[in-house]
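Trainee: Sequence and predicted structure below; questions after.
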Amino acid sequence: MALQSLDIKQRSATTTPSPSERQTVEVAKLIDTTRCIGCKACQVACMEWNDVRDEIGSVDGTYNNPTDLTSSSWTVMRFYEKENNSPFDLEWLIRKDGCMHCADPGCLKACPAPGAIVQYANGIVDFHQENCIGCGYCITGCPFNVPRISKKDSKAYKCTLCSDRVAVGMEPACVKTCPTGAIMFGSKEQMTEQAEHRIGELKGRGHGKAGLYDPAGVGGTHVMYVLKDADDPTQIGLPASPTISALVSVWKGFAKPLATLAMAGVALGSLFHYVTKGPNEVSKEIEDEIEKEDAQ
Amino acid sequence: MIRDPKDLKRYEPAERANHWVVGISFILLALSGLAFFHPAFFPLTQLFGGPTWARIIHPYLGVLMAVSFIALYFRFAHLNKMTPADKEWLGKVGQMVNGDDHNMPEQGKYNGGQKAMFWAMAICMLLMAVSGLLIWRAWFGFDITLVRLGAVVHAAAGAVMIGLIFVHVYAAIWVKGTIRAMWYGTVTRAWAKQHHRGWYRQMTGK
């Protein structure tokens, strides 16, 4: 157990309960996209605290830099240019992308390696790379396209919600550094209240579609967004109603224990067929016929 | 080493070697694949030098099995065409399993059950190979929906295939005098007359 102070709610590829005696407050990070100025301080803080450095990339003509999440860029700002009614009515939408820390994590469900992915009792979903085998099933399971396999060590990496800091009572590095207070951290309950308050404010200022992104399809998330236009999260690259793909649920759900029983059934069935019906031997009659032929 | 010069030759050395390359790669694939199929089997990864090695090796073994099965397919496909007698045999398979083969129709080199097994294996092999490539992240990065579909198909076809192989192996154990055909190539005339009379006639001219 990597962090003794954090109890474990779920552990990948493990069918018995994990240590879960203690009661822990469920935490959440709240990202208020309406207060984000796109300064990327959170990206820098993430790199510094976690001591990861991405390769120098190339500019693709947008402010997206790096252009995507990687095994060493666990959070990236994504910039969206939205043209409204006239070309002069342009909105510049910015979202800090990274792991959503789902209550029902698709990555954990898909992972075949025991203990490579854990969900702490406080809701943080963490990858333990020492148990990771590099199969990439977490990517297959994730509804948000977050985990990345490292080219260096073939292990999967993503945002840890600074589980090491949270375990000792500190807020995540991105939260600490955000200059506008757009990233907040606390108990899930507090953060939900905080969001409601902010949404009320936004509505009062004429943003009638403001709302909270805490999608129920994955059981809610421990990273939530305040969105100005919550009716269409896709305009800033968020899935409208994310769920673990039905294919993944079938693959990792009821089918496997059933298939295991069926395989065992065929093997045992064969054994008991042998001991009840006996072997299928050449009949004495035919053996005698052949012997007679040979004697001639 | 010829025990009886009148024994009938059922498989050429190249056919046997080909069969066992498929067989050995299948066993290794099943063991390493089951490890990722359900946590109960995860300790099997220790047979391959640990979980990460099992993950690395598994797909290469898959390529070996796919390639060697293609060779096996072209050796045996023409001998596995279904005939009306095969269908009759399959209709009466319950009696056979029950231990009474007196009412079974005369069979050629392969009976209806063996032919059905051959085609079921061929379909599973195709599904395994295609879905396996879809989820082989070390070399490929397909669209996520295809990868998800590949993962389901791979697991399902794998489970079916393991079940089929249990039946295949058990049938060889159950029918005495069969396994030697795949070890050293021959069967006794009595065995052939009992189980594959059409083939027996063809081979002996009787």
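Mentor: Cool, the structure landed. Quick caveat, the model's predicted, so the values are computed rather than measured.
Trainee: mind listing what's buried in the lowest-mean-pLDDT helix or strand in chain A?
Mentor: Of the helices and strands making up chain A, the lowest-confidence element is helix A:246-252, at a mean of 87, by mean pLDDT, DSSP states H and E. Of all the residues in helix A:246-252, those buried under the rule 16 or more other Cβ atoms under 10 Å in any protein chain shown are A:L247, A:V248, A:S249, A:V250, A:W251, A:K252. Glycine gets a C-beta too; all of them are placed from N, C-alpha and C.
Trainee: cool, and stretch A:201-220?
Mentor: Residues of stretch A:201-220 classed as buried by neighbour count (16+ other Cβ under 10 Å): A:L202, A:H207, A:A210, A:G211, A:L212, A:Y213, A:D214, A:P215, A:V218, A:G220.
Trainee: just to revisit the earlier point, which of the buried residues of helix A:246-252 come close to chain B?
Mentor: With Cβ under 8 Å from any Cβ of the partner chain as the criterion, the buried residues of helix A:246-252 include A:L247, A:V248, A:V250, A:W251 near chain B.
Trainee: just curious, which of the residues you listed is nearest to A:G169?
Mentor: In terms of Cβ to Cβ, no member of those lies closer to A:G169 than A:V248, at 35.0 Å.
Trainee: one step back: so can I have TSV of the buried residues of helix A:246-252 showing distance to B:H19?
Mentor: Shown next, in TSV, are the buried residues of helix A:246-252 (distance: Cβ to Cβ, whole Å):
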residue	distance to B:H19
A:L247	34
A:V248	36
A:S249	38
A:V250	34
A:W251	31
A:K252	34
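Trainee: B:H38: which of the residues you listed is nearest?
Mentor: A:K252 (9.7 Å).
Trainee: what ranges do the helices span in chain B?
Mentor: With DSSP state H, the ranges of helices along chain B come out as B:13-37, B:51-76, B:84-91, B:93-97, B:112-134, B:144-174, B:179-184, B:189-195, B:197-204.
Trainee: And the ones you listed: which comes nearest A:S71?
Mentor: Closest approach to A:S71 among the helices of chain B is made by helix B:51-76 (16.0 Å; Cβ to Cβ).
Trainee: A:E48 and A:D97, how far apart?
Mentor: Applying Cβ to Cβ, to the nearest Å, one obtains 19 Å for the distance of A:E48 from A:D97.
Trainee: Looking at the two, which has the bigger crowd around it?
Mentor: Using other Cβ atoms under 10 Å in any protein chain shown, the more surrounded residue of A:E48 and A:D97 is A:D97, with 23 against 12.
Trainee: on that earlier part again, would you turn the helices of chain B into JSON lines with mean pLDDT, distance to chain A and mean neighbour count?
Mentor: Supplementary listing: those in JSON lines, determined by pLDDT from 0 to 100; distance: least, Cβ to the nearest Cβ, whole Å; neighbours: other Cβ atoms under 10 Å in any protein chain shown:
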{"stretch": "helix B:13-37", "mean pLDDT": "97", "distance to chain A": "4", "mean neighbour count": "18"}
{"stretch": "helix B:51-76", "mean pLDDT": "98", "distance to chain A": "4", "mean neighbour count": "18"}
{"stretch": "helix B:84-91", "mean pLDDT": "94", "distance to chain A": "14", "mean neighbour count": "15"}
{"stretch": "helix B:93-97", "mean pLDDT": "93", "distance to chain A": "7", "mean neighbour count": "14"}
{"stretch": "helix B:112-134", "mean pLDDT": "98", "distance to chain A": "10", "mean neighbour count": "19"}
{"stretch": "helix B:144-174", "mean pLDDT": "96", "distance to chain A": "4", "mean neighbour count": "19"}
{"stretch": "helix B:179-184", "mean pLDDT": "94", "distance to chain A": "12", "mean neighbour count": "15"}
{"stretch": "helix B:189-195", "mean pLDDT": "95", "distance to chain A": "5", "mean neighbour count": "23"}
{"stretch": "helix B:197-204", "mean pLDDT": "94", "distance to chain A": "9", "mean neighbour count": "17"}
